[in-house]
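> Using only what follows, build the 3D model:
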Amino acid sequence: MCQFCVEHGEGKRWYLNAENYAYDLSSDLKRRGYVVDFIRGFPKTRATGILAGNVLSKLPRSLAQLGGDTISRNMRPNHFGQPLPIEDVEEVFRLATSITVIPCICRMHEPGKSAEEVCILVTTKPIDDVLLEGFSSYDDGPGLDDFRTITADEAMTLVRECETRGLMHSIWTFQTPFTAAICNCNLESGCMAMKLTAGYGIKMMWRGEEVATLDEEHCTRCAACKKICPFDAISAGSGRIAFHPEKCWGCGICRSACKAGAITLVDRRDVPAVAALW
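Just a heads-up that it's a prediction; the model follows:
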């Protein structure tokens with residue numbers, strides 16, 4: 001299991017530990033302040049992160065790795081995530097007693113993208129007041145009307161629609177281990193975490209608890225999985241599809257794209273080559 005599972009999961013996946021959702025931001029003023037400051041400062045944080053990625057990409061590999069590892073390590077106590085398959089998304093919705101959809105803050109600041117409502121806040125109590133305070137510094141919103149409270153079933157419908165579009169599901173902390181948001185994104189959407197992780201190799205999330213495997217006997221070689229994989233973990237050529245587990249982050253999007261049902265997810269710990277790769 002990833003480090004968060006060991007520290008915050010009590011023997012299971014950290015994002016399935018109900019205690020990590022049980023923070024009341026009305027009384028936990030430090031954590032509330034962090035969330036408000038995160039929203040208010042996000043445009044600068046995002047620009048700084050992408051600038052750091054650009055700078056590191058021009059350095060020798062050893063120095064770039066050192067810099068990326070430092071950034072990753074500094075983020076873990078505050079804002080860090082992990083891809084999760086759609087089955088686990090449904091489990092998270094069962095834990096959360098308040099589910100709110102908001103416009104995507106990354107797309108909001110990505111040129112040419114609209115702020116789609118694909119970000120889902122998962123908490124035990126509504127946090128509309130926290131959102132309003134955080135977004136109050138944004139000249140063009142969003143406002144209270146943009147925050148939609150939905151049911152778990154409605155949330156799953158949205159997530160399934162995102163999956164058909166090839167959007168990866170990931171879950172995020174706001175002052176670890178407070179678990180508060182599920183994002184649905186890919187590299188093209190402008191997601192900062194995806195840009196840094198998949199674009200620049202700066203790890204902003206743990207790898208998923210599972211990895212994808214291919215049943216070659218049932219594979220039709222259509223390459224739909226390769227086209228949709230966010231992490232370039234699948235190659236195609238000479239009539240063959242090959243999976244590269246060392247590149248797989250376990251999001252499961254390739255599985256949903258496979259009409260032949262030839263792809264499954266297996267526990268990362270059962271694959272020796274990547275059992276310790278997080």
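> And stretch 96-116, end to end?
For stretch 96-116, the first-to-last residue distance is 22 Å (C-alpha to C-alpha, to the nearest Å).
> can you pull the contacts of the residue lying farthest from the centre of the chain?
Distance from the C-alpha centroid of the chain peaks at residue 238, with 33.1 Å (C-alpha atoms, centre = their mean). For residue 238, the contact set (C-beta atoms under 8 Å, 6 or more residues apart in numbering) is empty. For every residue, glycine as well, the C-beta is placed using N, CA and C.
> Next: residue 39.
Contacts of residue 39 (C-beta under 8 Å, 6+ apart): 105, 131, 134-135.
> CSV for those residues, including neighbour count?
Output for the contacts of residue 39, formatted as CSV (neighbours: other C-beta atoms under 10 Å):
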residue, neighbour count
105, 24
131, 21
134, 20
135, 23
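> farthest pair in those residues?
Farthest pair in the contacts of residue 39 (C-beta to C-beta) is 105 and 131. Separation: 10.4 Å.
> element containing the closest residue to residue 167 other than its chain neighbours?
Nearest residue to residue 167, sequence neighbours excluded (C-beta to C-beta, 6 or more residues apart in numbering): residue 184, at 4.2 Å. With secondary structure defined by DSSP states H and E, residue 184 is part of strand 179-185.
> For the residue nearest in space to the middle of the chain, give the beta-bridge partners.
The centre of the chain sits closest to residue 170, judged by C-alpha atoms, centre = their mean, with a distance of 2.4 Å. As for beta bridges, residue 170 partners with residue 83, residue 183 under DSSP bridges.
> Verify the contact between it and residue 189 for me.
No. Contact criterion C-beta atoms under 8 Å: residue 170 and residue 189 do not qualify, at 11.8 Å.
> all helices for the stretch 51-200 of the chain, in order.
Listed in chain order, the helices of the stretch 51-200 of the chain (DSSP state H, counting those that start in this stretch) span 61-75, 86-95, 105-108, 128-135, 152-164, 192-194, 200.
> Just want the angle from the next helix or strand after the last one to helix 86-95.
Looking back up the chat, that one is helix 200. Using DSSP H and E, the helix or strand that follows helix 200 in sequence is strand 210-214. Relative orientation of strand 210-214 and helix 86-95, computed by axes from the mean of the first three to the mean of the last three C-alpha atoms, to 10 degrees: 150 degrees.
> partners of strand 210-214 in the sheet?
strand 263-267 (antiparallel).
> Show me where the stretch 1-150 of the chain dips below the pLDDT cut-off.
For the stretch 1-150 of the chain, no stretch has pLDDT under 70.
> Now with 90, please.
Counting by pLDDT under 90, the stretch 1-150 of the chain shows low-confidence ranges at 1-2, 10-12, 22-27, 108-115, 137-146.
> Please, where are all the strands along it?
Assigned by DSSP state E, counting those that start in this stretch, the stretch 1-150 of the chain shows strands spanning 81-83, 98-102, 119-123, 148-149.
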